[in-house]
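Enquirer: With the sequence up front, the predicted model follows.
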Amino acid sequence: MLEGKLIVARTFGIPVACGLVLLVATPAPAQEVDRTEWGHPDIQGIWDFRTITPLERPEELGEQAFLSAEEAANAEQEVIARNEELANREARRTSSTESVDRGEDGAPGFYNNFWLDRGTRSTRRTSLVVDPPNGRVPAMTDRAQRMASRRREYRSDNPANTWLDRSAYDRCILGFNAGPPITPGGYNQNVQIFQTPDHVVLVTEMVHTHRVVPLDGRAYLGHDIRQWSGDARGYWDGDSLVVETRNFRQERGWRGTSENMTLVERFTRTDAETLEYRFTVTDPETWTRPWTASIPMRLNDQAVFEYACHEGNYSMPGILGGARMDEVRASEQ
């Protein structure tokens, strides 16, 4: 079995190949780990957060929080078999459809499967969400549901009047797995961490989102200063790095959250190869209660590659140009 690391370089910010991965159980009790010269746990390195464990527990699993070893192995083998089947089947022409997300016979619609790198490793949990206990993101508030409905209606009627109608991901401002919080998805699923005595820097491979987190107790920015990745402050709680973030921009649109969302992330080195990443989201305007997810990150001995989201990116002019052509055809009819 191939080990769980990328083994080929990436092109245009997308991995060229997907490595197979070994089964990972739930995090073991913390072990003694290397420390920096100033005494903090050394969490520096490149950390791979790929996993086939879904964010939310499938409803049919009810209260089942963990897979058995056999169930997890079967789930991983199914992903491996699917990757092999999609890689080996004959090439075929495709045509445009109503959705870029769904292709023929289970293939994705936007890229072929060759370009995706979701990994094949299960955490053995049935969801990344660990609280609420049902493993699912809490219900949205009535207000959030109304706002989401309005956004869908607007997008349906105004898909691309200008680039401002497109998401921060379409516009290469944020990476869709880069967060914060960091959540697995698609490809380029690595985060590199740097440490000094009074700062930690988090750099995600996708779009190279970087966060410089002060550890010196300084005050947050004023309430009216909003940033795409929020305003973060960090501190050590025993051997866990805690990063608390607020002052997000409303336009970033992560899962429909409001600008008043707050985020608490915890990074804990559980052994030489594993960094447990746990985050708690609190946004009373969006969800009926806070919720928490846990993702085991694995140390990756490969380099972080360039993610050239804008260079040679024809998506935005294609989207806007297509919308203008739709308008012309509609006026002619």
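Expert: Now that the structure is in, tell me what you want to look at.
Enquirer: Flag the shaky bits of the stretch 101-250 of the chain, pLDDT-wise.
Expert: Across the stretch 101-250 of the chain, the ranges flagged by pLDDT under 70 are 101-111.
Enquirer: All the helices of it, residue numbers only.
Expert: Under the criterion DSSP state H, counting those that start in this stretch, the stretch 101-250 of the chain contains helices at 142-157.
Enquirer: Residue 233 reaches residue 211, doesn't it?
Expert: No - Residue 233 is beyond contact range of residue 211, at 10.9 Å (criterion: C-beta atoms under 8 Å). Where you see a C-beta, it was placed from the backbone N, CA and C, and this is true even at glycine.
Enquirer: With neighbour numbers in mind, choose between the two.
Expert: residue 211 (22 against 18; other C-beta atoms under 10 Å).
Enquirer: separation between that one and residue 297?
Expert: 16 Å (C-beta to C-beta, to the nearest Å).
Enquirer: same question, residue 327
Expert: Counting by C-beta to C-beta, the gap from residue 327 to residue 297 is 46 Å.
Enquirer: So for the two, which residue has more residues nearby?
Expert: residue 297 (27 against 12).
Enquirer: On the pLDDT front, check the residue nearest to the more buried one when sequence neighbours are not counted for me.
Expert: In space, and not counting its chain neighbours, residue 297 is closest to residue 47: 3.8 Å by C-beta to C-beta, 6 or more residues apart in numbering. According to the prediction, residue 47 has pLDDT 98.
Enquirer: residues contacting residue 47?
Expert: Counting by C-beta atoms under 8 Å, 6 or more residues apart in numbering, residue 47 makes contact with 190-193, 275, 277, 297-300.
Enquirer: Just the buried ones among these, please.
Expert: The neighbour count (16 or more other C-beta atoms under 10 Å) marks 190-193, 275, 277, 297-298, 300 as buried among the contacts of residue 47.
Enquirer: which one of these sits closest to residue 238?
Expert: residue 275 (15.1 Å; C-beta to C-beta).
Enquirer: buried sites along the longest helix seen in the chain?
Expert: Assignment by DSSP state H gives helix 69-88 as the longest helix of the chain. Buried residues in helix 69-88, counting neighbours by 16+ other C-beta under 10 Å, are found at 72, 75-76, 79-80, 83, 86.
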